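> starting from these lines, generate the structure:
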Amino acid sequence: RGRQPGQRSRGAVQSEADVQSAAIAWKSEPFSSFDAFPVLSQAKSAYQWLSGDEAGARLTWERCKVYGPVVSQVCSAAEYFSGLTNEAAERQRAFVDNLGRSWIAAAESLPITAPFLASAHYCAGDRKRSQWIAQKASRSCCVVLAGASVCAAAGPAVASSSHLILAAGGAGVVAGIAADALIVARPSIPRPLTPGESFDWLAMRFLDSLRAMAAFDLVLVFWPEHASQISVWVEPISVGDAARLVMGKATTGDDAALAGALDHIPSGVDHVFVLWKTNKGHLFVSERLHDGRVLVEDLQRGTVLPFAHGKQLPMEDLHRVGAGTAEPGHGTGPSAASVSNTEELAAIKVPSVAAKAISGGKAELFSEHALKDGPSVASFQELARAKSMAGYDLMQANCQHYAQDFWKFAVGHRLGMPNQEFLNLFKIFGSPSHGDRMVAPGVLGNASYAITSVHPCRSILDIALLKLPVVPA
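Numbers count the residues shown, from 1 in each chain. Sure, this is the predicted structure:
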């Protein structure tokens with residue numbers, strides 16, 4: 001069959017005329033949109049070079065120097081400082097023109113904007129362009145839905161704790177191949193393909209897998225996270241712990257020594273915290289501290305969200321909050337702050353194991369209940385905000401009052417606390433304080449939690465991957 005047009009043998013020496021012709025050949029239209037991607041462009045050029053297509057490799061590299069972000073600006077700056085101002089300006093004009101075409105091509109491939117663009121071309125009489133936009137958007141839908149379907153079929157718990165995202169990538173490749181055969185239907189592609197064309201179609205399969213994995217991850221991120229199991233745990237407070245609660249931060253050395261000597265004497269009073277597991281397998285702890293703060297501790301992400309006086313305070317690192325000012329646990333600091341190894345704590349998936357780990361083995365299960373479509377994490381955060389309005393009061397707003405309100409909100413009925421006789425006695429001095437009125441977060445509140453619960457770069461990367469080229473040209 002011989003070599004492809006423009007292809008040389010490996011041992012051929014290119015003349016200066018060939019180099020100059022390659023330098024201006026980037027102006028030829030159309031060209032593969034993959035040539036404008038710095039990483040893909042270098043990989044494609046190397047593949048062409050290894051396949052013997054030296055002219056194609058040089059042309060791909062020249063196009064990258066014109067249309068590739070950053071690379072184009074560097075080359076234009078070099079030309080400008082070398083006195084080639086016209087060449088530098090022409091390079092940037094071509095870069096801007098191609099950038100506009102790329103954004104239009106991305107909009108034509110998105111299922112949200114493609115119908116409007118296709119309708120506009122159809123009304124303008126450009127039926128062929130309208131059909132091509134519809135085909136690209138349909139192909140993109142097939143790839144995205146393939147990745148999203150894998151996440152939806154597995155469920156959030158399995159999807160978040162396994163490597164199914166790789167299966168979503170494979171499903172995207174299969175969906176792309178099927179869409180090419182059934183929707184795009186390009187039987188007129190000339191055979192055999194040049195090395196550059198072969199690389200383009202292989203790269204398109206790779207980008208299909210990335211788009212499908214991005215769709216998988218976005219479905220997982222925005223899947224409503226709600227409680228599937230709730231449990232109440234009690235942690236004995238010694239006389240020394242009770243003395244520290246009474247004395248507060250302003251203690252002398254003698255007072256601290258006295259409190260330490262009383263640590264082995266039980267007081268008969270318990271600190272209570274709530275632990276719940278979500279449908280995504282994440283574990284959370286919520287409790288009211290003696291300083292009036294109400295905490296929501298995320299054991300997997302290692303963060304604590306404090307609330308005080310009905311307001312949300314800045315999120316802090318779980319193992320740094322209160323460092324140097326309060327001991328963890330026993331109502332003086334976050335219970336989970338007692339665990340120094342964050343990786344081990346994040347790997348725990350069983351509530352009972354987590355409760356023992358954060359309490360040093362001292363916590364005992366008081367009650368647990370399985371929930372079906374329980375309240376969302378955003379609802380629990382709003383509950384913590386509302387209850388923080390009551391502050392801390394030993395008789396009307398202590399940790400057990402908060403756990404009781406938390407249980408009633410999640411399960412639907414009240415739960416007797418381990419020191420219920422004291423709580424009943426405290427009613428003589430006034431009714432328990434339930435804080436502010438809770439406002440349901442709604443759809444927007446749950447979506448806001450989903451966005452803020454992950455690193456911003458993760459969502460930005462997923463959206464950027466969805467805008468990758470659907471077809472190479």
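
> ok, Lys65 touching Ser72?
Yes - with contact defined as CB atoms under 8 Å, Lys65 and Ser72 form a contacting pair (6.4 Å). The way it works is simple: take the backbone N, C-alpha and C, and place the C-beta from them, glycine included.

> between the two, what contacts are shared?
Here Lys65 and Ser72 share the contacting residues Arg91, scored by CB atoms under 8 Å, 6 or more residues apart in numbering.

> neighbour-wise, which of those two wins?
Using other CB atoms under 10 Å, the more surrounded residue of Lys65 and Ser72 is Ser72, with 24 against 19.

> please name the nearest non-neighbouring residue to that one.
Nearest non-adjacent residue to Ser72, counting by CB to CB, 6 or more residues apart in numbering: Phe95, 4.6 Å away.

> what ranges does the stretch 201-350 of the chain have for its strands?
Along the stretch 201-350 of the chain, the stretches classed as strands by DSSP state E, counting those that start in this stretch are 227-238, 266-278, 283-288, 294-298, 303-308, 311-312, 316-317.

> let me have these in a markdown table, adding distance to Ser45 and mean pLDDT as columns.
Listed next are the strands of the stretch 201-350 of the chain as a markdown table, based on distance: least, CB to CB, whole Å; pLDDT from 0 to 100:
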| stretch | distance to Ser45 | mean pLDDT |
| --- | --- | --- |
| strand 227-238 | 51 | 88 |
| strand 266-278 | 47 | 83 |
| strand 283-288 | 49 | 92 |
| strand 294-298 | 46 | 91 |
| strand 303-308 | 45 | 91 |
| strand 311-312 | 52 | 91 |
| strand 316-317 | 45 | 82 |
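
> where does the stretch 251-400 of the chain have low pLDDT?
251-268, 319-342 (pLDDT under 70).

> can you check the stretch 51-200 of the chain too?
Within the stretch 51-200 of the chain, the segments meeting pLDDT under 70 span 185-191.

> 80 - rerun?
111, 161-162, 184-193 (pLDDT under 80).

> tell me where it has helices.
Listed in chain order, the helices of the stretch 51-200 of the chain (DSSP state H, counting those that start in this stretch) span 54-67, 71-81, 85-109, 114-123, 127-154, 156-160, 164-179, 195-222.

> so which of the ones you listed is the most packed in?
Greatest average neighbour count among those goes to helix 54-67 (a mean of 23), per mean count of other CB atoms under 10 Å.

> so which elements touch that helix?
In terms of contacts (3 or more CB pairs under 8 Å, 6 or more residues apart in numbering; DSSP states H and E), helix 54-67 is packed against helix 16-24, helix 38-50, helix 71-81, helix 85-109, helix 195-222.

> got those helices as CSV, with distance to His434 columns?
Converted to CSV, these look like this (distance: least, CB to CB, whole Å):
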stretch, distance to His434
helix 16-24, 76
helix 38-50, 57
helix 71-81, 61
helix 85-109, 51
helix 195-222, 32
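
> which among those is found nearest to Ala168?
With respect to Ala168, and counting by CB to CB, the nearest of the helices and strands packed on helix 54-67 is helix 195-222 at 3.8 Å.

> show me what that closest one is packed up against.
Secondary elements touching helix 195-222 (3+ CB pairs under 8 Å, 6+ apart): helix 38-50, helix 54-67, helix 127-154, helix 156-160, helix 164-179, helix 442-452, helix 456-466.

> which other helices and strands contact the fifth one?
Right, helix 164-179. Looks like helix 164-179 contacts helix 127-154, helix 195-222 (3+ CB pairs under 8 Å, 6+ apart).

> same list, those, but as CSV with distance to Asp393 please.
Shown next, in CSV, are those (distance: least, CB to CB, whole Å):
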stretch, distance to Asp393
helix 127-154, 46
helix 195-222, 39
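
> compare these and give me the one nearest Val377.
helix 195-222 (13.0 Å).

> surely Asn398 touches Tyr392?
Yes - using CB under 8 Å, Asn398 is in contact with Tyr392, at 6.7 Å.

> more neighbours: those two, which one.
Asn398 (26 against 21).

> could you measure from that one over to Asn419?
To Asn419, Asn398 is 9 Å away according to CB to CB, to the nearest Å.

> again with Lys65
When Lys65 is compared with Asn419 (using CB to CB), they lie 75 Å apart.

> if you skip the residues just before and after it, what's nearest to Leu465?
Here the residue nearest Leu465, using CB to CB, 6+ apart, is Ala214, at 3.8 Å.

> repeat that for Gly68.
Distances taken as CB to CB, 6+ apart place Pro38 nearest to Gly68, at 4.8 Å, with adjacent residues excluded.

> over to Thr113?
Ala107 (4.5 Å).

> surely that neighbour is in contact with Pro115?
No - contact criterion CB under 8 Å: Ala107 and Pro115 do not qualify, at 11.1 Å.

> CA atoms only: put the helix or strand encompassing Leu365 into PDB for me.
Using DSSP states H and E, Leu365 sits within strand 364-370. Taking Å, rounded to 0.1, in the frame of the first residue of the first chain, the C-alpha atoms of strand 364-370 are listed here in PDB:
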ATOM      1  CA  GLU A 364     -21.300   2.300  75.800                       C
ATOM      2  CA  LEU A 365     -24.200   1.900  73.500                       C
ATOM      3  CA  PHE A 366     -27.400   3.300  75.000                       C
ATOM      4  CA  SER A 367     -29.800   2.900  72.000                       C
ATOM      5  CA  GLU A 368     -29.700   2.600  68.200                       C
ATOM      6  CA  HIS A 369     -32.200   2.600  65.500                       C
ATOM      7  CA  ALA A 370     -32.200   1.900  61.700                       C
END
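
> relative to strand 303-308, how tilted is the helix or strand just after that strand?
Scanning forward in sequence from strand 364-370 by DSSP H and E, the next helix or strand is helix 377-387. Using axes from the mean of the first three to the mean of the last three CA atoms, to 10 degrees, the inter-axis angle of helix 377-387 relative to strand 303-308 is 30 degrees.

> send the alpha carbons of helix 377-387 over as PDB?
Provided in PDB are the C-alpha atoms of helix 377-387 (Å, rounded to 0.1, in the frame of the first residue of the first chain):
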ATOM      1  CA  VAL A 377     -27.000  15.700  56.800                       C
ATOM      2  CA  ALA A 378     -28.000  19.200  55.900                       C
ATOM      3  CA  SER A 379     -31.100  18.800  58.100                       C
ATOM      4  CA  PHE A 380     -28.900  17.600  61.000                       C
ATOM      5  CA  GLN A 381     -26.700  20.700  60.600                       C
ATOM      6  CA  GLU A 382     -29.700  22.900  60.700                       C
ATOM      7  CA  LEU A 383     -30.900  21.200  63.800                       C
ATOM      8  CA  ALA A 384     -27.500  21.700  65.500                       C
ATOM      9  CA  ARG A 385     -27.700  25.400  64.600                       C
ATOM     10  CA  ALA A 386     -31.200  25.800  66.000                       C
ATOM     11  CA  LYS A 387     -30.300  24.000  69.300                       C
END
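
> good, we can wrap up now.
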